[in-house]
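Peer 1: give the three-dimensional model of this entry:
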Amino acid sequence: MPFFIPDDQLNSFGNQVLEATWAKFPQLAPHQCALTWLVYDSPVEIKTQTIQFPRDFWQYGIKGFSYRGDELIYPASVVKLFYLVAIHQWLNRESFPLSTELNRAITDMIVDSSNDATSLVMDMLTNTTSGPELAPDALKIWQQQRNEVNRYFQGFGWEEFQGINVNQKTWCDGYYGREKQFVGENGENRNRLTTNAVARLFHNIVAERVISVERSQQMMSLLQRQLPSTAIDRDEENQVTGFLGESLPENALLWSKAGWTSQVRHDAAYMEIPNFPPFLLVVFTEGRKNSQNKQILPFISQFIAQNWLAI
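Peer 2: The predicted model follows:
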């Protein structure tokens, strides 16, 4: 069972969103996308007349919809959301101090989606470094250390985290040396996430339930995006243009973490639009043509914003 509460109206409209998207972008096959959508209009069970948002609100079930939400997909830079939570947990338990360089790396990993910054964060999390190939015995020890982040999230005991893999760095050009040994000749050990797993983690950050209220708020401050986009033109890569936040009005609020490669284009976003129920949306798309198409994700969020309140 998913962590959210299925809702007939949301299910019906969610299917409308998918049908409209496939009609608009016929090159996007049904097996090339996955979606999880949470709507924060009201708790499923209300036992008190005075519910404070967001604090008291999160004690109750949240309505949601998913399509292929349990499908394991290469997440690209969306995985950095998991590394953000992990590094805050390590800092919270004082595994090491927050240095100026680590703080800069955490910020750049999320704000700019820097792969170089992510490399340092992963090194700190696992006490490993990239480098030349390793002999079998040394590689076995190194692999055990690199799986520390996986062990941390498996410890949550959440159904959505079963089968996910978050033990790889993110790269611009690919894996070399011991990183290639670890990921496998055919990438069989690549990172894997589902939209449900991402949605549940993001949901708990928004709800200020991850580690502590203060640390959740620190994470949200890094995830907040400026609207409208600061991109000079549509060819400039950022985490708003070509993603879910692009179609939002200027007075909306957006927190997000995008990911893209030559084969995938993903986004996970929590959005607050005036006079509209807040919602959290995670969309993964696969395929070379779809990854280069910067219109698909904005279309999905725009369709929801324009039609959800009208039904």
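
Peer 1: low-confidence ranges, this protein, go.
Peer 2: 42-60, 230-237, 309-311 (pLDDT under 70).

Peer 1: that one: helices as residue ranges?
Peer 2: Taking DSSP state H to define them, one finds helices in the chain at 8-24, 80-92, 100-111, 115-126, 136-146, 148-154, 178-183, 195-206, 213-223, 288-292, 296-307.

Peer 1: which of those helices sits closest to residue 265?
Peer 2: helix 288-292 (4.5 Å; Cβ to Cβ). To be clear about C-beta, it is placed using only N, CA and C from the backbone, and glycine gets the same treatment.

Peer 1: so what does that closest one touch, helix or strand wise?
Peer 2: strand 264-272 (3 or more Cβ pairs under 8 Å, 6 or more residues apart in numbering; DSSP states H and E).

Peer 1: against which helices or strands is the strand it packs on packed?
Peer 2: Counting by 3+ Cβ pairs under 8 Å, 6+ apart, strand 264-272 packs on helix 195-206, strand 253-260, strand 279-286, helix 288-292, helix 296-307.

Peer 1: right, so of these, which gets closest to residue 131?
Peer 2: When those are compared (using Cβ to Cβ), the closest one is strand 253-260, at 25.4 Å.

Peer 1: neighbouring strands for the closest one, and are they parallel or not?
Peer 2: strand 224-225 (antiparallel), strand 264-272 (antiparallel) (DSSP bridges).

Peer 1: residues in contact with the spatially closest residue to residue 269 that is not a sequence neighbour?
Peer 2: Using Cβ to Cβ, 6 or more residues apart in numbering and skipping the chain neighbours, the partner closest in space to residue 269 is residue 256 (3.8 Å). Applying Cβ atoms under 8 Å, 6 or more residues apart in numbering, we find residue 256 in contact with 223, 225, 239, 240, 243, 244, 245, 267, 268, 269, 270.

Peer 1: ok, the nearest residue to the second one once chain neighbours are set aside - contacts?
Peer 2: Going back to what we said before, that points to residue 225. Spatially, and ignoring its direct neighbours in sequence, residue 225 is nearest to residue 254 (4.5 Å; Cβ to Cβ, 6+ apart). By Cβ under 8 Å, 6+ apart, the contact list for residue 254 reads 224, 225, 227, 240, 245, 248, 269, 270, 271, 272.

Peer 1: from the residues you listed, which two are the most distant?
Peer 2: Spatial extent of those (Cβ to Cβ) is set by the pair 240 and 272 at 15.0 Å.

Peer 1: who has more neighbours out of the two?
Peer 2: Between residue 240 and residue 272, counting by other Cβ atoms under 10 Å, residue 240 is the more crowded of the two (23 against 15).

Peer 1: now that one, nearest residue through space, not along the chain?
Peer 2: Here the residue nearest residue 240, using Cβ to Cβ, 6+ apart, is residue 229, at 3.8 Å.
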